[in-house]
Structure formats: C-alpha cells, structure tokens
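Participant: structure, please.
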Amino acid sequence: MITNLLMLILGLAVRGIAVWLRIADSLEENDGRLYWVVAVEPSPEPAFVRWKPSGESKEQKRFCIREGPQTTDLDNESTWHYIRNRWG
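Facilitator: Here you go, the predicted structure:
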C-alpha cells in the first residue's frame, strides 16, 4: 500500500525504469499509543526525485539523503561525493 502511494506521488525512477521500493510498514503499540513504523532498505543505486518548483516550467532532478529524522537536499558537489563514497 505505502509503496504504491509513494510511487504515485513521487514518481521515482532510475534510468526511466520504476524503482522497486523496498519498504515495509506496520502499526505498533507502545505505552498505549499506536505508531506507524516505516522501514526502508538502502537503494542498490542512486535514485533522484523529479521536482517541479511552483511557478517554474522546467522539472529538476534532486538528490536527497536521510539524516536522522530529516531529509537533506544535496548540492551538486555534495551529491557527487556522497554517491562516490556510497556506491563507488
């Protein structure tokens, strides 16, 4: 369910082929509270998000990483270093 939703909203693709997102989600209870837990396995290769800023006509490709609870959009140089260190 969540995988289909993310594919629809984000339109993730690598080299024109849809990425099979390896995502597992579950509901877990702790101290009387219900939590939605989402676990995502690392990608075997870099994946870029297609993004079209409001008011702009051209679509951009952005490379983002997760850092704890936040998502960081990397600039070109940082993206190059990250991909080189992560995937060789």
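
Participant: by mean pLDDT, which helix or strand of the protein comes out lowest?
Facilitator: Counting by mean pLDDT, DSSP states H and E, the chain has its least confident helix or strand at strand 17-18, which shows a mean of 42.

Participant: downstream of that strand, the next helix or strand is which one?
Facilitator: Counting by DSSP states H and E, the next helix or strand C-terminal to strand 17-18 is strand 23-30.

Participant: from the chain's centroid, how far away is that next one?
Facilitator: The chain centre lies 19 Å from the centre of strand 23-30; the measure is CA atoms, centre = their mean, to the nearest Å.

Participant: now do the helix or strand immediately after that strand in the chain against strand 23-30, angle only.
Facilitator: Next helix or strand after strand 23-30 toward the C-terminus (DSSP H and E): strand 33-40. With axes from the mean of the first three to the mean of the last three CA atoms, to 10 degrees applied, the angle from strand 33-40 to strand 23-30 works out at 160 degrees.

Participant: need the residues that contact strand 33-40.
Facilitator: 2, 21-29 (CB atoms under 8 Å, 6 or more residues apart in numbering). Glycine gets a C-beta too; all of them are placed from N, C-alpha and C.

Participant: and of these, the nearest to R50?
Facilitator: L21 (15.0 Å; CB to CB).

Participant: just for this structure, where's the confidence low?
Facilitator: Along the chain, segments meeting pLDDT under 70 span 1-21.

Participant: mind naming the longest helix for it?
Facilitator: Across the chain, the longest stretch assigned as helix under DSSP state H is helix 76-87.

Participant: which parts of that one are buried?
Facilitator: T79 (16 or more other CB atoms under 10 Å).

Participant: CA atoms of it as CSV?
Facilitator: Extracted in CSV, the C-alpha atoms of helix 76-87 (Å, rounded to 0.1, in the frame of the first residue of the first chain):
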residue,chain,number,x,y,z
ASN,A,76,25.9,19.0,-6.9
GLU,A,77,29.3,18.7,-5.3
SER,A,78,28.0,17.0,-2.1
THR,A,79,25.9,14.7,-4.3
TRP,A,80,29.0,13.6,-6.3
HIS,A,81,30.9,12.9,-3.1
TYR,A,82,28.1,11.0,-1.4
ILE,A,83,27.4,8.8,-4.5
ARG,A,84,31.1,8.1,-4.9
ASN,A,85,31.5,7.1,-1.2
ARG,A,86,28.2,5.2,-1.0
TRP,A,87,28.3,3.3,-4.3
